[in-house]
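Novice: Mind folding the following:
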Amino acid sequence: MSALRARLAAILLVACLLFSGQALITPQSAAAADPGYLMVHFTGDGSTGQQMYLSHSTDGLHWNDLNGGGMVLRSTVGTKGVRDPAFVKSPDGSKYWIVATDLCIGCGQNWDSAVNNASRNLVVWESTDLVTWSQPWLLNVAGAIPDGRNAWAPEAIWDPETNDYVLYWATNATLNGVLKHRIYYARTSDFRTITTPQVYIDRPGTQNIIDTQIVEVPAGVGSYRYVRASGDGQITLEGSNSILGTWTNLGNLSGIGLTGSQVEGPMWMKFNGTGKWALYLDQYASGGGYMPVLTTDPSNPAAYQKPASTSYNMGGTKKRHGWILNLTAAEESRVLARWPNTAVNRLQSYNFQDRYVRHANFDVRIDPNVSPVDDSRFRLRPGLTGSGTVSFESVNFPGYFLRHSNYDFQLVYNDGSSQFAADATFRRVAGLADSTWSSFQSYNHPDRYIRHYAYELRLDPITTATGRSDATFRVTS
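Specialist: Here you go, the predicted structure:
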């Protein structure tokens, strides 16, 4: 019996060890009622890839592209491209910001010019609900830095010691005779004005540092309140009990085979309801996109483990340097309702069937051979005024909708007003010239329909056979 008990005890011990190791690699799924996670990111170079995209996860490891994998915000300022976005949420949850690098590689700028003479601005959006965003604005953060040549990879964190946000980013500048990227910081309360930039992180010699992100750690985990991960030739971990205080070097991730020559863009995520974190790293050298490295103690380099490649899925688009927000139930509900995977469609003219509705310089008309073709692609969203109606959102200018004003049509950014919603909402009815096609009746002028006249889109009453043909369209892919 004693031998049998010993054997059973040994088996039990091995099982426990295996289970505990697996628990680290594969975090327990949150309860079904728990909200999930929202990632903001870009997808690659070029004017389309360098915009804002969103992905959602229920467990933090398996991601679904929102909006059908299409962009959700487009920069219309600065270089008109954005990279390296970060979410910022106010402590009371009443405001959100996205701050991002103003950079467009492959659309008028190459890496050499980006390093030595690029935008000194960041791009900022603001929201009160995480779904309706302001127009973007530029925030000059590096213009006051002597010989400051760019502003990259911004992040921000609320500092309870100063009762405002610490905004930090990388700038290539000459200091003490050495030109390299350092991390600078400034304080802000509104992301419109900042204090004078100061050096935040400066590595020895000529070592550059570009990417860094801070996570707040709860009491009882490790020895520090804050841990930051930085791309500086390694993925270096540092700890501090004050955001603007002294930071201690804790080591790096080279022990698990990850260095700065392989990965960049560290992005933290705390799993809901568990004592586990993921540090997502962008496998830029291999083009592999993000992978999660898992830990129960962000301050201990020895506690990190790579997951099995089958234990996570990043979704259909490549995720590049971004930020992950733990959602509340209300936030998740709003986000999923705003960006469902609605199909992309075109509106083909009934009586000029080689022509499609398109925007050009924000005016709206019907044209043949539309180039770029995305100018003629729209998502037929549930109407901004309510169910049973539709609104037309541009694919390549997300947040912009077809709207009538003085019975003329333009592509206009949704300002969230009730007037905008009414002007941009229509009832889809049987085609006035052919019932197998469609016509679109104005929500707030129900005696008028969308029609083309001299190829321009208008909102008119329809009284003739020509008018009925002009007001008839096929919704097609």
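Novice: Can you list phi and psi of Glu264 for me?
Specialist: Note on Glu264: backbone dihedrals following degrees, to the nearest 10 are phi -150, psi -170.
Novice: what do you get for Lys80?
Specialist: Summarising the backbone geometry of Lys80 under the convention degrees, to the nearest 10, its torsions are phi 70, psi 20.
Novice: Identify the residue nearest it in space, chain neighbours excluded?
Specialist: Counting by Cβ to Cβ, 6 or more residues apart in numbering, Lys80 lies nearest to Cys104, which is 6.1 Å off, once chain neighbours are set aside. C-beta here means a position set from N, CA and C on the backbone, and glycine is covered the same way.
Novice: How many residues are close by that neighbour?
Specialist: When neighbours are counted by other Cβ atoms under 10 Å, Cys104 registers 24.
Novice: looking at it, it is touching Val77, isn't it?
Specialist: No: between Cys104 and Val77 there is no contact under Cβ atoms under 8 Å: 11.4 Å.
Novice: all helices for the stretch 301-450 of the chain, in order.
Specialist: Along the stretch 301-450 of the chain, counting by DSSP state H, counting those that start in this stretch, helices occupy 329-338, 418-423.
Novice: Let me have those in JSON lines, extended by mean neighbour count.
Specialist: Shown next, in JSON lines, are the helices of the stretch 301-450 of the chain (neighbours: other Cβ atoms under 10 Å):
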{"stretch": "helix 329-338", "mean neighbour count": "15"}
{"stretch": "helix 418-423", "mean neighbour count": "17"}
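Novice: To Asn369, which of these lies closest?
Specialist: Nearest of the helices of the stretch 301-450 of the chain to Asn369, taken as Cβ to Cβ: helix 418-423 at 29.4 Å.
Novice: Pull the distance from the closest one to the chain's centre.
Specialist: Computed by Cα atoms, centre = their mean, to the nearest Å, the chain-centroid distance of helix 418-423 equals 27 Å.
Novice: before we move on, what about stretch 418-428?
Specialist: Its chain's average C-alpha position is 27 Å from that of stretch 418-428, according to Cα atoms, centre = their mean.
Novice: Same check on stretch 208-219?
Specialist: 19 Å.
Novice: hmm, who's touching it?
Specialist: 84, 86, 152-153, 155, 157, 168, 170, 180-183, 201-203, 224-233, 243, 264-268, 270, 277, 298-299, 321, 323 (Cβ atoms under 8 Å, 6 or more residues apart in numbering).
Novice: hmm, try it at 6 Å
Specialist: With Cβ atoms under 6 Å, 6 or more residues apart in numbering as the test, stretch 208-219 has contacts from 152-153, 155, 157, 170, 180-181, 183, 201, 203, 226-232, 264-266, 268, 298.
Novice: Can you list the buried residues in stretch 234-243?
Specialist: Neighbour counts over stretch 234-243 (16 or more other Cβ atoms under 10 Å) mark Gln234, Ile235, Thr236, Leu237, Glu238, Gly239, Ser240, Ile243 as buried.
Novice: Need phi/psi at the fourth one.
Specialist: Pointing back at Leu237 there. Geometry field for Leu237 lists phi and psi as phi -110, psi 140, criterion degrees, to the nearest 10.
Novice: Now do the contacts for it.
Specialist: Contact partners of Leu237, counting by Cβ under 6 Å, 6+ apart, are Ala229, Leu250, Gly251, Pro301.
Novice: What about the first one, how many residues nearby?
Specialist: This means Ala229. When neighbours are defined as other Cβ under 10 Å, Ala229 has 26 of them.
Novice: So which residues of the stretch 101-250 of the chain form helices?
Specialist: With helices called from DSSP H, counting those that start in this stretch, the stretch 101-250 of the chain shows them at 111-116.
Novice: so where's it uncertain?
Specialist: Applying pLDDT under 70 to the predicted model, the stretch 101-250 of the chain contains no residue that meets it.
Novice: change it to 90
Specialist: Segments of the stretch 101-250 of the chain classed as low confidence (criterion: pLDDT under 90) are 108-109, 219-220, 222.
Novice: Equivalent analysis for the stretch 251-400 of the chain, please.
Specialist: Going by pLDDT under 90, which is the cut-off in play, the stretch 251-400 of the chain has low-confidence ranges at 287-289, 309, 386-387.
Novice: how about the strands in it?
Specialist: Under the criterion DSSP state E, counting those that start in this stretch, the stretch 251-400 of the chain carries strands at the ranges 264-270, 277-283, 289-295, 320-326, 344-349, 356-360, 363-367, 378-382, 390-394, 400-405.
Novice: Quick one: closest of those to Ser134.
Specialist: Each of the strands of the stretch 251-400 of the chain was checked against Ser134 via Cβ to Cβ, and the shortest separation belongs to strand 400-405, namely 13.6 Å.
Novice: quick one: that closest one to strand 378-382, angle?
Specialist: Compare the direction of strand 400-405 with that of strand 378-382 by axes from the mean of the first three to the mean of the last three Cα atoms, to 10 degrees and you get 80 degrees.
Novice: re earlier: which one of the helices of the stretch 301-450 of the chain lies closest to Ser376?
Specialist: Checked against Cβ to Cβ, the stretch from these lying closest is helix 418-423, at 21.0 Å.
Novice: Identify the residues contacting the closest residue to Thr259 other than its chain neighbours.
Specialist: Sequence neighbours aside, Gln234 is the residue nearest to Thr259 in space, at 5.4 Å (criterion: Cβ to Cβ, 6+ apart). Contact criterion Cβ under 6 Å, 6+ apart gives Asn252, Ser254, Thr259, Gly260 as the residues in contact with Gln234.
Novice: so how far is Ser417 from Gln234?
Specialist: Gln234 is 50 Å from Ser417, where distance means Cβ to Cβ, to the nearest Å.
Novice: likewise Asp84?
Specialist: Applying Cβ to Cβ, one obtains 32 Å for the distance of Asp84 from Ser417.
Novice: With neighbour numbers in mind, choose between these two.
Specialist: The neighbour comparison of Asp84 against Ser417 (other Cβ under 10 Å) goes to Asp84, with 27 against 10.
Novice: any idea which element the more buried one lies in?
Specialist: Assigned by DSSP states H and E, Asp84 falls within strand 82-89.
Novice: So what are the sheet partners of that strand and their directions?
Specialist: According to DSSP bridges, strand 82-89 has the following sheet partners: strand 96-102 (antiparallel).
Novice: And for the partner strand, what's in contact with it?
Specialist: Under the contact criterion Cβ under 6 Å, 6+ apart, strand 96-102 has outside partners 78-79, 82-86, 88-89, 119, 121-127, 130, 152, 154, 191.
Novice: what do you get for stretch 315-331?
Specialist: Outside stretch 315-331, the residues that touch it by Cβ under 6 Å, 6+ apart are 35-43, 55, 63-65, 69, 84-87, 130, 265, 269, 282, 289-290.
Novice: likewise stretch 153-164?
Specialist: Stretch 153-164 has contacts (Cβ under 6 Å, 6+ apart) with 84, 86, 88, 91, 99, 122, 165-170, 187, 189, 210-211, 213-214, 243.
Novice: Please pick the buried ones from these.
Specialist: Of all the contacts of stretch 153-164 considered here, the ones buried according to neighbour count by 16+ other Cβ under 10 Å are 84, 86, 88, 99, 122, 165-170, 187, 210-211, 213-214, 243.
Novice: ok, back up a step: can you pick out the most distant pair from the contacts of Leu237?
Specialist: Comparing all pairs in the contacts of Leu237 by Cβ to Cβ, the longest separation belongs to Ala229 and Gly251, at 11.1 Å.
Novice: Fine by me, thanks again.
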